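Enquirer: Below are the sequence and a predicted model for it; my questions follow.
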Amino acid sequence: MHLSSSVRSSALAAAALLAVAGCASSTTAKPAGSGGTSAGQPPAGPTVVAAVYTATAAQKTARVSLAFHVTEGSPSGQGSADVRLSGDGVVDFAGQRSSITMHAPTGENLEERLLANTAYVKLPPRLVAADPRLAGKSWLKSDLSRAKNATLGFGVSGSAGSDPTQVLRLLSNVADRVDNLGADTVRGAPATHYQAQLDLDKIAAKSGAIAAQVKSIETLLGGKTFPVDVWVDSEGRAVRLTFKFPPKPVASPPPGQPQIMVDATEEWYDFGTPVTVQTPPAGQVLDGAALLPGTGSRTGTTPAPAATPTPGTRA
C-alpha cells in the first residue's frame, strides 16, 4: 500500500481544496438560499445545491462507496504510477460518525472509523509487524481538532470527506455557478447531473488566514475555479459526486515535476440505514502523534468511550 510521495501529495492537495472550501463555510449555518424544494423537482441554477443539502441532511445516514484513481507520469518515464483504490462503508452525517474500509490493489485493507473529532485507522497486519514503534498495536488514533491547522481546518479524516452534507454545504457557500447537465442514471435509478464551479476567490475571501494555501492550489489548478459534479436522485438527494484534480493536465509543468492526476468518485445509497460505529479496544490503540518526529515513542492511549449506535435512522 505504498504510494510515491508525489502521488500522496497530489491526493492531499485535492483533499485540501475541498478542505479549504469547507473552512470557508459555517459548520452550523444553513447553505445560502436554502429553503427546500418540491419532492423530485430540484431547482435549476445556484439554488440547487442548497435544496439538495436540505433533502440529503434530512436522511441522517447512508451507505457510501468510494473510488480513487491516481496516476503519476514523470518526464523521464521513470517512477510512474497507476493506482486504483476503492472503499465502502456507512456514514452518520447527523451524528458525525462513519466507518469506511479502503481496499488496495494488493488485497490489503485499511479501515477508518470516525467518531466526532477522533479518527481511528486500522493498519494491515504486515505494516503492524514491520514497525516496532507500533508495539503490536493495530489502530492509530488522530485528534482531528489538533490536526486542523495542518489540514486547513478540515481534519485529516478520509471518512469526513465521505459525508455528503459537508460537501454540499461548502458547495452552496463557495460555488460560482451550478449547471444542469441533464438526465443520467446512478445505480440503476434516474438522476440529474449537475456541475458546480468552486470559486477559489470566494474561498480566499471567506477563509482569510489561509488565503496563501488557496493561492498555491490555484497555481496547481492553473485557474481560479474548480469543477465538482453532483448527481441528484428523484427525491432531491445527492447520490454521486466526482472530481478530478487537476481538472485537466497541466500544459507546462515545472522541469522535472511529474504530471499527477487524481480522479475521485463517491456514491451514497440506502439512506436511513442503521449505523453503529464502535471505538477500537483501548489496548490496540496508539496515538498517531507518537509517530511524528520529535514526539518520542509515546504509546499511551486515552480511555475508550462506549459503542456509539445509531438505531434506525436516528442519529
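Expert: Structure's in. What do you need? Remember, predicted model here, so these are calculated numbers, not experimental data.

Enquirer: Give the rounded mean pLDDT of stretch 282-296.
Expert: Model confidence over stretch 282-296, given as mean pLDDT, is 77.

Enquirer: Which residue ranges of the stretch 51-200 of the chain form strands?
Expert: Using DSSP state E, counting those that start in this stretch, the strands found in the stretch 51-200 of the chain span residues 61-73, 81-92, 97-103, 109-115, 118-122, 139-143, 175-186, 189-199.

Enquirer: could those strands go into CSV alongside mean pLDDT?
Expert: CSV is the format used below for the strands of the stretch 51-200 of the chain (pLDDT from 0 to 100):
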stretch, mean pLDDT
strand 61-73, 88
strand 81-92, 89
strand 97-103, 91
strand 109-115, 90
strand 118-122, 91
strand 139-143, 90
strand 175-186, 88
strand 189-199, 90
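
Enquirer: Kindly state which of these is positioned closest to Arg133.
Expert: Evaluated over those, closeness to Arg133 peaks at strand 139-143, with 10.6 Å, by C-beta to C-beta. Quick note: C-beta positions are derived from backbone N, CA and C, even for glycine.

Enquirer: where does the stretch 201-315 of the chain have low pLDDT?
Expert: When the per-residue scores of the stretch 201-315 of the chain are filtered using pLDDT under 70, the ranges that remain are 203-216, 219-222, 247, 249-258, 292-315.

Enquirer: can you do 50?
Expert: Across the stretch 201-315 of the chain, residues meeting the criterion (pLDDT under 50) sit at 209, 296-315.

Enquirer: could you pull out the strands for it?
Expert: In the stretch 201-315 of the chain, the segments counted as strands under DSSP E, counting those that start in this stretch are 225-233, 238-245, 259-269, 275-277, 285-287, 308-310.

Enquirer: JSON lines for those, including distance to Thr106 and mean neighbour count?
Expert: Supplementary listing: those in JSON lines, determined by distance: least, C-beta to C-beta, whole Å; neighbours: other C-beta atoms under 10 Å:
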{"stretch": "strand 225-233", "distance to Thr106": "30", "mean neighbour count": "22"}
{"stretch": "strand 238-245", "distance to Thr106": "24", "mean neighbour count": "22"}
{"stretch": "strand 259-269", "distance to Thr106": "19", "mean neighbour count": "20"}
{"stretch": "strand 275-277", "distance to Thr106": "26", "mean neighbour count": "21"}
{"stretch": "strand 285-287", "distance to Thr106": "23", "mean neighbour count": "21"}
{"stretch": "strand 308-310", "distance to Thr106": "31", "mean neighbour count": "17"}
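
Enquirer: hmm, back to that, let me have the strands of the stretch 51-200 of the chain in JSON lines, extended by distance to Gly272 and mean neighbour count.
Expert: As requested, these are exported to JSON lines (distance: least, C-beta to C-beta, whole Å; neighbours: other C-beta under 10 Å):
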{"stretch": "strand 61-73", "distance to Gly272": "6", "mean neighbour count": "20"}
{"stretch": "strand 81-92", "distance to Gly272": "11", "mean neighbour count": "19"}
{"stretch": "strand 97-103", "distance to Gly272": "15", "mean neighbour count": "21"}
{"stretch": "strand 109-115", "distance to Gly272": "19", "mean neighbour count": "21"}
{"stretch": "strand 118-122", "distance to Gly272": "24", "mean neighbour count": "21"}
{"stretch": "strand 139-143", "distance to Gly272": "29", "mean neighbour count": "21"}
{"stretch": "strand 175-186", "distance to Gly272": "17", "mean neighbour count": "15"}
{"stretch": "strand 189-199", "distance to Gly272": "16", "mean neighbour count": "19"}
